[in-house]
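Participant: generate a structure from the sequence data that follows.
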Amino acid sequence: MPLQIVRNDITKMPVDAIVNAANSSLLGGGGVDGCIHRAAGPKLLAECHTLGGCQTGDAKITNAYDLPCNYVIHAVGPIWRGGQFHERELLTSCYENSLALAKEKHCETIAFPLISSGIYGYPKAQALKVAIDAISAFLMENDMTVYIVIFDKAAYRISSKLFSDIASYIDDHYVETHINKTSEAMRRQKQFQEMDLCESISLPEPSTVPLSKAATLEDALQQMDESFSEMLLRKIDESGMTDSQCYKKANIDRKLFSKIKNDKYYKPSKPTVLAFALALELPLPEIQDMLMKAGFALSHSSKFDVIVEYFILKQNYSIYEINEALFAFDQSLIGG
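Facilitator: Below is the predicted model of the structure:
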């Protein structure tokens, strides 16, 4: 999927470029900045000495030296001062300028930390929203895989109210699948005892309707219901979106969409089906129908499904916001 939230050490990400949450001197510091400089080795600092610093909201690029990536993009985020000093605009600019530099270098993959959310004090939930808004806007016009890297889950939280609301919904709707087998066997035995097993049960006669005759396998396949691929393409046409608008909104890779479009019987993963259904903002019954076309269903025995259902019922179809919540509850993400 083009935008992913991952838990990792950014210095170990095997991408084309990583972004350093730098200070204006570009000469190293604490937090992510210090970790990147230590991992890259002294040559990185030597190159940074030649750059003449960097203004807040801007970014500059260097080689990566001992890091597994090709480039380090040094972005200077704003210090949080209550939100009244253009912090959001400056932070957005960090992401936009970093992505522009990556594009200039023909990068296909890039990893960001959550810029300004450490010692600069930018509230983490707001910093994440700025990051997602800026990155998703870029991805609507460009092809690149972008990672937001969270080193420590304790450093990442969705809003406490949203977390509490989702947790309550899970408590009310999540069904544990671990059933006491002994009690289940007793329940079934009681059911059978209550049935009048002596009563004759008339079984229906075998169907005398002949099977539909198909001269070829192709003819037989044509008799099947609309496939997932066919339903998806029909729904995109009905929505008025272009193909690219739909798969980008769905956080789906262009190559994957091409496979689905060109193979009538392509079998997607469940997160991929949900991504398209959410991008199309389908009502719950139509989402269930689309899932069924691919051989899936929403289940209250899956926390992933319950969380997704929570957002659908709230009519919140933002895949990025749903993925934030899924990440917070240690679930897989939507997209493909």
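
Participant: so which elements touch the longest helix anywhere in the chain?
Facilitator: Secondary structure of the chain per DSSP state H: the longest helix is helix 87-104. With contacts taken as 3 or more CB pairs under 8 Å, 6 or more residues apart in numbering; DSSP states H and E, helix 87-104 sits against strand 17-22, strand 59-63, strand 71-76, strand 109-112, helix 124-139. From N, CA and C alone the C-beta is placed, and that goes for glycine too.

Participant: now that helix, how far from the chain's geometric center?
Facilitator: For helix 87-104, the separation from the chain centroid amounts to 21 Å (computed by CA atoms, centre = their mean, to the nearest Å).

Participant: what's the answer for stretch 305-323, then?
Facilitator: 12 Å.

Participant: what does the longest helix of the chain rub up against?
Facilitator: 16-17, 19, 56-61, 71, 73, 75-81, 110, 112, 115-116, 122, 126-127, 130-131, 133-135, 138, 142, 144, 146 (CB atoms under 8 Å, 6 or more residues apart in numbering).

Participant: give me the pLDDT for E176.
Facilitator: Predicted confidence (pLDDT) for E176: 64.

Participant: with N323 instead?
Facilitator: 88.

Participant: check Q193 too.
Facilitator: 52.

Participant: tell me the helices and strands packed up against the host helix or strand of D165.
Facilitator: According to DSSP states H and E, D165 maps onto helix 160-173. Using 3+ CB pairs under 8 Å, 6+ apart, the elements in contact with helix 160-173 are helix 303-313, helix 319-328.

Participant: buried residues in the first one?
Facilitator: This means helix 303-313. Across helix 303-313, burial judged by 16 or more other CB atoms under 10 Å covers 303-312.

Participant: got a markdown table for those, with distance to H49 too?
Facilitator: Listed next are these as a markdown table, based on distance: CB to CB, whole Å:
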| residue | distance to H49 |
| --- | --- |
| K303 | 50 |
| F304 | 48 |
| D305 | 53 |
| V306 | 53 |
| I307 | 48 |
| V308 | 49 |
| E309 | 54 |
| Y310 | 51 |
| F311 | 48 |
| I312 | 53 |
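
Participant: what about the stretch 51-200 of the chain, any weak spots by pLDDT?
Facilitator: Scanning the stretch 51-200 of the chain with the threshold set as pLDDT under 70 gives 152-158, 176-200.
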